[in-house]
Every structure is written in C-alpha cells, then in structure tokens.
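[1] What follows is a predicted structure for the sequence shown.
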Amino acid sequence: DTEVTQTPKHLVMGMTNKKSLKCEQHMGHRAMYWYKQKAKKPPELMFVYSYEKLSINESVPSRFSPECPNSSLLNLHLHALQPEDSALYLCASSQEGGREQPQHFGDGTRLSIL
Amino acid sequence: AQKVTQAQTEISVVEKEDVTLDCVYETRDTTYYLFWYKQPPSGELVFLIRRNSFDEQNEISGRYSWNFQKSTSSFNFTITASQVVDSAVYFCALSEHSVIQGAQKLVFGQGTRLTINP
C-alpha cells in the first residue's frame, strides 16, 4: 500500500466537464507535486507546492488548476480538457522539497478525455 | 543542462538470470543526488535508492545492487536472480539544482521496461 492516496483511480470525462483529482498524504511532508505521464514516457512535472504555497508551475495550461487546502491535501481541478490531456496523473510528496529527499508517489489517476 | 540517459528501452530475460540496467547522467553541479524508481503496472513509482555525489560506495539490498561511478557518470542497477515480480519500468533520476527553495525537480531518464519471463 502506498502512503500517498489518490482518488479517483480512473476518470472518464467529456471536454466540457469539470472534475477534480485528489491527493492525500499523512507522512507530515511539506512538499507536494503533480506529474503527468503519457504511455511509455517518464513523468513530467506540472506543479510543486511547498508549505502550501505554489512554488513551481511548469507552464501548465490554465485548464489545469492546482489547489493545496492544507499540508496533507492536494487537488487538481480540471476544466475544458482536450483529448491530448488523457494520461496518468501522479501525485507525490517529499519531506520538505530538498534536493536530497526522495519523492513518494501515489498510484495515480488514469484520466481519459472523450 | 542536466540529463539522464537510459539507453536500454526494453530488456527481457528469463527468471533467475542477472540483469543490469544502465544509467548515465550529465550535470555541472558538484553536489547532486541520483535516484532509482520502479514503476509496476499498477502505476505508482516506488522509490528504491538515493545516492549522493560524494558517496561512491556501492549499495546492496537483497537481490538489488547499485554501482555508482563518478568517473564515468554512471549509476547502474543490477538485479541478481531475477523474479517475475521484478517486471516493471525502472527510472533513473537526477535531482536538479533549483533556485526555488523547497521545490525539488527531478530529471528522469526515459525508463527501461524490464520483463522477466518464467
């Protein structure tokens, strides 16, 4: 069992829908990450939150909107997505975001856009 | 620029064989950190090991061992007596220097898909 929990595990949505992906960790980590992973590719960093503040946005389109309500929770709000946004979305956390700290990943949400 | 190269896209071996996954990195930093992650079909990336640039000791954990050589900028991973459960995609990653405090950025290799056949 992973210590980072992501819900839902699978999501199918139309291009006009609004949905949210959720991520939760109870390891006391203060840095949290969203990644997008296409098939047969490595994960691509989207956002980093450090102490509940957005530290990095890797020029992600505005149809993806992250939110960090508290130190244990991370959301990714989705609106007006495109078919090319279909991918595995991974959440991760690390102790404080230092370079030496390993990231701990969730199982991911497999997103399909119709 | 920082870069990680995993030249082996796919490897297929028969159970109980030993297998080595190669990782070559490029960085201008004098202090850096390297990681290996395993991604089984279920999707999550499982952290396997971290190595810092000033510790060149090789590491062994059960059937897994890692060979870090700064002289050749390599951080290779060997599985001894492979098992079907070792089948997964394995990623080597380099922790990138960031001017933003508290925000780690990982540079991933393309991954090696390892299949262990019974």
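    Received it, and whenever you're ready, just let me know what you need.
[2] Need the three-state assignment for B:S71.
    helix (DSSP: H, G, I helix; E, B strand; the rest coil).
[3] Around chain B, which positions in chain A sit nearby?
    A:2, A:4, A:30-31, A:40-43, A:45, A:48, A:50-51, A:55-56, A:88, A:90, A:92, A:94, A:96-108, A:110 (CB under 8 Å from any CB of the partner chain). Glycine gets a C-beta too; all of them are placed from N, C-alpha and C.
[4] What strands flank the lowest-mean-pLDDT helix or strand in chain B, and is each parallel or antiparallel?
    Least confident element among the helices and strands of chain B, by mean pLDDT, DSSP states H and E: strand B:59-61 (a mean of 89). Counting by DSSP bridges, the strands paired with strand B:59-61 are strand B:64-69 (antiparallel).
[5] Quick check: B:F77 touching B:L34?
    No - counting by CB atoms under 8 Å, B:L34 is not a contact partner of B:F77; they are 10.5 Å apart.
[6] touching chain A at all, the lengthiest strand in chain B?
    Ranked by number of residues, the top strand in chain B under DSSP state E is strand B:88-96. Yes - Strand B:88-96 is in contact with chain A by CB under 8 Å from any CB, via B:F91, B:S95, B:E96.
[7] Strands - which of the residues of chain A next to chain B land there?
    A:4, A:31, A:45, A:48, A:50, A:55-56, A:88, A:90, A:92, A:94, A:104-105, A:110.
[8] what is the rounded mean pLDDT of stretch A:72-85?
    Averaging pLDDT along stretch A:72-85 gives 96.
[9] swap that for stretch B:15-33, please
    95.
[10] For it, C-alpha coordinates in CSV please.
    C-alpha atoms of stretch B:15-33 as CSV (Å, rounded to 0.1, in the frame of the first residue of the first chain):
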residue,chain,number,x,y,z
GLU,B,15,13.7,-15.8,-14.5
LYS,B,16,16.8,-16.3,-12.3
GLU,B,17,19.1,-14.5,-14.7
ASP,B,18,21.0,-11.5,-13.5
VAL,B,19,20.2,-8.2,-15.3
THR,B,20,21.9,-4.8,-15.3
LEU,B,21,20.1,-1.6,-16.1
ASP,B,22,22.3,1.3,-17.2
CYS,B,23,22.0,4.9,-16.3
VAL,B,24,24.3,7.7,-17.4
TYR,B,25,23.9,11.3,-16.3
GLU,B,26,25.2,14.7,-17.1
THR,B,27,25.4,17.6,-14.6
ARG,B,28,27.6,20.6,-13.9
ASP,B,29,26.8,20.5,-10.2
THR,B,30,29.5,19.3,-7.9
THR,B,31,26.8,18.1,-5.4
TYR,B,32,23.9,16.2,-6.8
TYR,B,33,21.6,13.3,-6.0
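[11] How are the strands of chain B distributed by residue range?
    Going by DSSP E, chain B shows strands at B:3-5, B:10-14, B:19-21, B:24-26, B:33-39, B:46-52, B:59-61, B:64-69, B:74-79, B:88-96, B:105-108, B:112-117.
[12] In contact with residue 66: list those residues for me.
    Let's take chain A. By CB atoms under 8 Å, 6 or more residues apart in numbering or on different chains, A:P66 lies in contact with A:W34, A:M46, A:F47, A:Y49, A:L54, A:N57, A:L74, A:N75, A:L76, A:H77.
[13] oops, chain B please
    Counting by CB under 8 Å, 6+ apart, B:W66 has contacts B:W36, B:I49, B:R51, B:N58, B:E59, B:I60, B:F75, B:N76, B:F77, B:T78.
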